[in-house]
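>>> Below are the sequence and a predicted model for it; my questions follow.
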There are 2 protein chains.
Amino acid sequence: MQFSSKLIEDAVKEMAKLPSIGVKTATRLVMHFLKQDEEFTSSLATALLRMRQEIQQCKHCHHYSDTDVCSICASPHRDKSLICVVESSQDIMAIENTAQYNGLYHVLGGVISPMEGISPADLHIDSLLLRIPQSEVKELIFAISPTMEGDTTAFYLTKKMQAFEEVKISSIARGIPIGSELEYTDELTLGRSITMRTKV
Amino acid sequence: MQFSSKLIEDAVKEMAKLPSIGVKTATRLVMHFLKQDEEFTSSLATALLRMRQEIQQCKHCHHYSDTDVCSICASPHRDKSLICVVESSQDIMAIENTAQYNGLYHVLGGVISPMEGISPADLHIDSLLLRIPQSEVKELIFAISPTMEGDTTAFYLTKKMQAFEEVKISSIARGIPIGSELEYTDELTLGRSITMRTKV
C-alpha cells in the first residue's frame, strides 16, 4: 500500500499486527480515526493503555481482575463449594455469559503440552492444590478442551486430586450441540455422546 | 457480555466503536492485548495518538500529510500538468496503488449533497479554482463516484471550470470491471459501458 504519510503508515502497521486484521482493514480503521475527532482516538488509546497497565490477576483464581481479588471470588453470592477449572480467562467469560453457573473458577493458564514445552509447573496447578484445603470446595468441574493436551491435563489433575478424597471431580458434558444435526456431527463428538449418554 | 473487570469492559467498549467491529471481535482483540507484553499495546496507542495529533492536510491538495505540503505535491517526479479530483484521501491511496497515474491530486472532502446539507462551500472547490491559475495544470481528471451526488459535483465543477478554457476536463472510464461477466453486471454500468464505448 502507498500511504504517502509515515504517520498513517506506522498506525496501519501497528493495527495490522492484531489477529485477523490485514492491511486493508487496518487502513480502513485508521482512516476512521482520522475522520473522527481527536477525543475518539485518545479515549481508545487511554482505555487500552490503562487496561494493559493496571490489570491484575486474581490471587485466588488467576482470572483477570481490576483488584487483587476478582469480583467473582469476592462475591458473597457465589457458591464456594464449586470450582470450575478452565484454561483461560476467556473461558470464564464464555461460561459467565451462559448464566448457568454460580460457582468459583480456577484459570490454569493453558494445558500441559510437551510439544510446546508446557509442563505442569508452568500452569497454575500448585495454587489450585494449595487453594483446595483452604476452601469450602466440594466439587471440581473440569471445563478443559477435549484435545489430547486437555485430556492429559485433566488426567494429571485427577491424579493430584486423589489427595483430597472428599472432593468430587466432574467434567462438563460433551455431546451434540443444541440445534445441530446428527449426520453432520464429527465422529469424535458423536462417539462421545453415545459413550457418555445420559438417563432420560 | 460479562467481563467482571471494568478495565476490560471499557477497552472492549472503545474497540467496539470501530466500524465493523462488534463486541465479540472487540473482546478477542482486547484479550490479544492482554496476552502480549505492554510494549505491544503502548506502541499501537502511541502510533494512533501521534498520527491523530500530528497529521496535517496538504495546503495544496488537502491530502493527509506529515508536513504542510504532501509528498505527492512536493515530488519533482510527478506530472504537474495533471490534477485528479477525488472525494477523499482513501481514493488517492487506491489510485496510487494502481501505479498507473503520475499526476497530482485534489481532495474535495466529499460531494455536493443537499440531502446531507453539503453545499459547494463545504468542499475544497474554491481552493481548486484558486490553485489552477497558479499551476501548470493542463488537464483535470474527475475520479468521483458515479452517483447522483457525484455527477452533480462533477457538473458543478465543469461549470466553474469554464473560466479556464485552456484546461481539458476528463473523467475516469466507467465500464465492465476486468474479470467480471457481462450478464452479471448491473444495468447502469453496462449501459454506461455502451454509451461510453472506446475505439479499438
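Happy to help now that I have it. Note that the structure is predicted; figures quoted are calculated from it, not measured.

>>> Show the contacting residues for the nearest residue to residue A:65 once chain neighbours are set aside.
Excluding the flanking residues, the one nearest residue A:65 by C-beta to C-beta, 6 or more residues apart in numbering or on different chains is residue A:58, at 4.3 Å. For glycine as for every other residue, the C-beta is placed from the backbone atoms N, C-alpha and C. Counting by C-beta atoms under 8 Å, 6 or more residues apart in numbering or on different chains, residue A:58 touches A:64-65, A:68-70, A:72-73.

>>> Kindly recompute the last result at 6 Å.
A:65, A:69-70, A:73 (C-beta atoms under 6 Å, 6 or more residues apart in numbering or on different chains).

>>> Neighbour-wise, which one of these leads?
residue A:70 (26 neighbours; other C-beta atoms under 10 Å in any protein chain shown).

>>> Which members of the contacts of residue A:58 are positioned in helices?
Of the positions in those, residue A:73 sit in helices, assigned by DSSP state H.

>>> so who does residue A:7 touch?
B:51, B:54-55, B:66.

>>> Okay, and it sits in which element?
Here residue A:7, judged by DSSP states H and E, is contained in helix A:6-15.

>>> From the chain's centroid, how far away is that helix?
Put simply, helix A:6-15 sits 30 Å off its chain's centre (C-alpha atoms, centre = their mean, to the nearest Å).

>>> Could you give me the buried positions within that helix?
A:7-15 (16 or more other C-beta atoms under 10 Å in any protein chain shown).

>>> Quickly check those for the two that are furthest apart.
Farthest pair in the buried residues of helix A:6-15 (C-beta to C-beta) is A:7 and A:15. Separation: 12.8 Å.

>>> Distance check, the spatially closest residue to residue A:19 that is not a sequence neighbour against residue B:157.
Nearest residue to residue A:19, sequence neighbours excluded (C-beta to C-beta, 6+ apart): residue B:32, at 5.5 Å. Plainly put, residue B:32 is 46 Å away from residue B:157 if you go by C-beta to C-beta, to the nearest Å.

>>> do the same with residue A:5
Residue A:5 is 26 Å from residue B:157, by C-beta to C-beta.

>>> of these two, who's got more company?
residue A:5 (25 against 22).

>>> Backbone dihedrals for that one, please?
phi -150, psi 120 (degrees, to the nearest 10).

>>> Am I right that residue A:77 falls within a strand?
No: under DSSP: H, G, I helix; E, B strand; the rest coil, residue A:77 sits outside any strand and is assigned coil.

>>> Burial check on it, number of neighbours?
Neighbours around residue A:77, by other C-beta under 10 Å: 6.

>>> go on, residue A:124?
17.

>>> Work out for me the element residue A:106 sits within.
Counting by DSSP H and E, residue A:106 is part of strand A:103-107.

>>> With that, I have no additional questions.
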